[in-house]
Structure formats: C-alpha cells, structure tokens
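Trainee: Okay, here's the prediction I keep looking at, along with the sequence it came from:
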Amino acid sequence: MEHELSTITILLNSLVASFTGTDPQLPDQGVVAWFIVVLSTVIFVPMSRRFSIDEPGRAQQMLEIGVESINAMLDGFIGPEGRKYFPVLGGFAFFILSSNLITNVPGFQPPTGDLNTTVALAVMSFLFYNYLGIRAQGFGYAKQFIGDPWWMFPLMIPIEILSHLSRPLSLSIRLFGNIFAEHTLASVFFILFPFGLPLVFGPLGVFVAFMQTFVFVMLSMVYIAGALEHGH
C-alpha cells in the first residue's frame, strides 16, 4: 500500500520544487518528525518562562504529571539514581507520544507508523543502554556475554549477542506494527463508515498511543537497569 503523504510534506515539497525546479521527494516521516520538534520548541520554550511554583497553570500541571510519572518509573526500574537519565527517556516518551497522537490530526501521518523512524528510535535506545553499561562496568560489562559457569562461554556468547540484537528489532517492530495497524484500520473504517466510528477509533487511538509509548520507555528502562547491574 502506497504511503499517503501528510499535508505539510506535500506543501513543503511544492515549496522546495518551486525554488529548485525539481521534485525533492522529502520523506514524510522526517518532515512530520521535524515539525513536531519545531512546534514543541515554539510552544514549550515561551511556556517554560511562565512556570510558577505557587500558582501553576493547567498546562504546567499536566507536564508535571508526565514528569513525575516517568520519574516514578525510573525509581521503580533503576532506582533513585535513574532520574539522571530522565532527559533521554523523557525525550523518548514525549517524541513517541506526540508522533503517535498526531495521527488524530487531519492531514498528518504518524512518524512512528514508518519503520525508518521506529528503527532509529530503537537503535538509539540500544546504543544508550550499552554505553551506560560500558561506562559503569568497563570491561566487566562483557562478563554478561560469557555466562555462568564461565566454561559455557562458547554457547553463551552467541546466545547473548543474539538476545541483545533482538532488542532493537523487537522495540522497532512492536511500535511500528501497532501504530501502523491502528492508523490503517481507522483510515479504512473512516472511509467505509464516516459517521459514528471515528468516535470509537479516536479513544482507541489515544489508548494505543499512550500504551506503546509506555512499553517502549519501560523496556528501555529495563535494559538500562540490566546494563548497570554489577554481577550476573
């Protein structure tokens, strides 16, 4: 099935083509992803200057709920020291959730409904937790690949390598598959039954968006906790 372009991608392609005389064919998932980043910056940077400890507004309260929810997950999976990883995991959560939810805006396709985006996110998670493990344990990080007892290493090394490599594969396919399936199913039913069904698929899409964000961030925390653990 040919991927439908978002309205902003069509407009940007037309704008670039009018200046260059060629069809740039900008990737839809990249354009929408950057749109989310730029729009978030435009909204949240001025908003942060109006934050108040004594009289927080509704937007600030909602953001604080999100921050505290992620910090509570970090405390549960990694421990209090895990809060220092909030910028990365909070960034994952916000971008994935925004990318999932933007499918509910007419004219937009979800970046996470494209495998290129989810693979990039999964690879970043994979590199991040391995980096933390190597930084925390040094060469001792390699002990997890040897196994216990040590003489099982000819069998354990390939098993552990395949186990670690399957993590970004699982993260990317799970996120992509659920968002793509939900978006496609909702689009098909909206075409066939334009009245009533959007009221059903709207809440369902929001639920899937939050659930898949939670799963991705939770598994990333689990991987970080395992990488930081000394001794196996």
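Mentor: Looks like it arrived, so ask away.
Trainee: count of residues packed around Tyr129?
Mentor: 24 (other CB atoms under 10 Å). Any C-beta I mention is one placed from the backbone N, CA and C, and that applies to glycine too.
Trainee: residue contacts, it?
Mentor: Ser220, Tyr223, Ile224, Gly226, Ala227 (CB atoms under 8 Å, 6 or more residues apart in numbering).
Trainee: Just the buried ones from these?
Mentor: Among the contacts of Tyr129, those that count as buried by neighbour count (16 or more other CB atoms under 10 Å) are Ser220, Tyr223, Ile224, Ala227.
Trainee: Let me have those residues in a markdown table, adding distance to Leu175 as columns.
Mentor: Shown next, in a markdown table, are the buried ones among the contacts of Tyr129 (distance: CB to CB, whole Å):
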| residue | distance to Leu175 |
| --- | --- |
| Ser220 | 11 |
| Tyr223 | 15 |
| Ile224 | 18 |
| Ala227 | 21 |
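Trainee: Dump the residues you listed into a markdown table; add pLDDT as well.
Mentor: Shown next, in a markdown table, are the buried ones among the contacts of Tyr129 (pLDDT from 0 to 100):
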| residue | pLDDT |
| --- | --- |
| Ser220 | 96 |
| Tyr223 | 94 |
| Ile224 | 95 |
| Ala227 | 89 |
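Trainee: quick one: which of the contacts of Tyr129 is nearest Gly205?
Mentor: Ser220 (22.8 Å; CB to CB).
Trainee: Might one say that that closest one is in contact with Gly90?
Mentor: No: using CB atoms under 8 Å, Ser220 is not in contact with Gly90; the gap is 11.2 Å.
Trainee: center of the protein - which residue?
Mentor: Ile96 (3.5 Å; CA atoms, centre = their mean).
Trainee: could you list every residue that touches it?
Mentor: Ile96 neighbours (CB under 8 Å, 6+ apart): Thr112, Leu121, Leu175, Gln212, Thr213, Phe216, Val217.
Trainee: let's see it at 7 Å
Mentor: Thr112, Leu121, Thr213, Phe216 (CB atoms under 7 Å, 6 or more residues apart in numbering).
Trainee: so how far does stretch 17-32 reach from one end to the other?
Mentor: 18 Å (CA to CA, to the nearest Å).
Trainee: Now tell me what touches it from outside.
Mentor: Outside stretch 17-32, the residues touching it (CB under 7 Å, 6+ apart) are 3, 5-6, 8-9, 12-13, 16, 102, 108-109, 111, 114, 116-117.
Trainee: State the mean pLDDT of it.
Mentor: Summarised as a single mean, pLDDT over stretch 17-32 is 86.
Trainee: same check, this time on stretch 162-180
Mentor: 92.
Trainee: got the buried residues for that stretch?
Mentor: His164, Arg167, Pro168, Leu171, Ser172, Arg174, Leu175, Phe176, Asn178, Ile179, Phe180.
Trainee: got the residues you listed as CSV, with secondary structure columns?
Mentor: What follows is these, written out as CSV (DSSP: H, G, I helix; E, B strand; the rest coil):
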residue, secondary structure
His164, helix
Arg167, helix
Pro168, helix
Leu171, helix
Ser172, helix
Arg174, helix
Leu175, helix
Phe176, helix
Asn178, helix
Ile179, helix
Phe180, helix
